[in-house]
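Enquirer: Just to be clear, the model below is a prediction. Sequence and coordinates:
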Amino acid sequence: MTDLPVTGGTQPQQPYLIEPLGKQHDRATFTCGSEPLDRYFKTQVTQDIRRRVAKCMVAVDLATSAVAGFYTLSAMSLALAEIPDTLTKGLPRYPIVPVVLMGRLAVATKAQGHKLGTALLAHAVEYVATGNIGAFAVVIDAKDDAAQRFYERHGFVAIMGHPRRLILPLESALQAIKAGGR
């Protein structure tokens, strides 16, 4: 079990605990307002975990024990040529760069507007950065314009040729977290 990072602007307005998704978490009542995300969390996430294609972390509301949000992470790689030149300075010229895909991030309707999405994003970045495997950046696929604006506010930039696929180098993300969030 891990407490949410308490770093500047990323602290939510009520206490949550972030931990790996387990059998004790009620997925059936989770709703975030996005039917595809709700369906994934209710019906598919445990299959992805079992098959080792995703890791899922949940934010549990300490007052109610309800799942207030979740995110998933998976291994991924990108062609160096797809990453904006401004982000590749100092990288070895390998043709492929290791990254981590945040496949999904969702906050329950009741918990929206309380900075939980930002806190989950910060937790994911710190989780990846302290892991035991090399990764240059976190990559996301924004589902819509609102999601894209959320990630762009946190420093993500578009990957060339993929306007909804965004990237944020881990070092940049960690510096932003240390500076108090965005």
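Expert: Sure thing, it's come through. Numbers count the residues shown, from 1 in each chain.

Enquirer: Tell me which residues of stretch 136-156 come out buried.
Expert: 136-142, 147-148, 150-151, 154, 156 (16 or more other CB atoms under 10 Å). (Each C-beta comes from the backbone N, C-alpha and C, glycine too.)

Enquirer: where do the strands sit along this structure?
Expert: 2-3, 16-20, 55-61, 67-79, 96-107, 137-141, 157-159, 162-169 (DSSP state E).

Enquirer: can you give me the angle the second one makes with strand 67-79?
Expert: What that stands for is strand 16-20. Inter-element angle recorded for strand 16-20 and strand 67-79: 50 degrees (by axes from the mean of the first three to the mean of the last three CA atoms, to 10 degrees).

Enquirer: same thing with the last one?
Expert: Counting by the same axes, to 10 degrees, strand 162-169 lies at 100 degrees to strand 67-79.

Enquirer: Without its sequence neighbours, what residue ends up closest to Y94?
Expert: Once flanking residues are discounted, Y94 sits nearest to L80: 6.4 Å by CB to CB, 6 or more residues apart in numbering.

Enquirer: Now for that neighbour: which residues touch it?
Expert: Residues counted as contacts of L80 (CB atoms under 8 Å, 6 or more residues apart in numbering) are 88, 91, 93-97.

Enquirer: ok, now V67?
Expert: 25-27, 30, 58-61, 108.

Enquirer: Touching, R104 and R39? I think so.
Expert: No - in this structure, R104 is not within contact of R39 by CB atoms under 8 Å, at 11.0 Å.

Enquirer: ok now stretch 66-75, how far from the chain's centre?
Expert: Offset of stretch 66-75 from its chain centre (CA atoms, centre = their mean, to the nearest Å): 7 Å.

Enquirer: Buried residues of that stretch, list them for me.
Expert: Buried, per 16+ other CB under 10 Å, within stretch 66-75: 66-74.

Enquirer: Just give me the closest of these to Q44.
Expert: T72 (10.1 Å; CB to CB).

Enquirer: partner residues bridging M76?
Expert: Beta-bridge pairing of M76 under DSSP bridges involves V99.

Enquirer: any idea of the pLDDT on it?
Expert: M76 is assigned 96 on the pLDDT scale.
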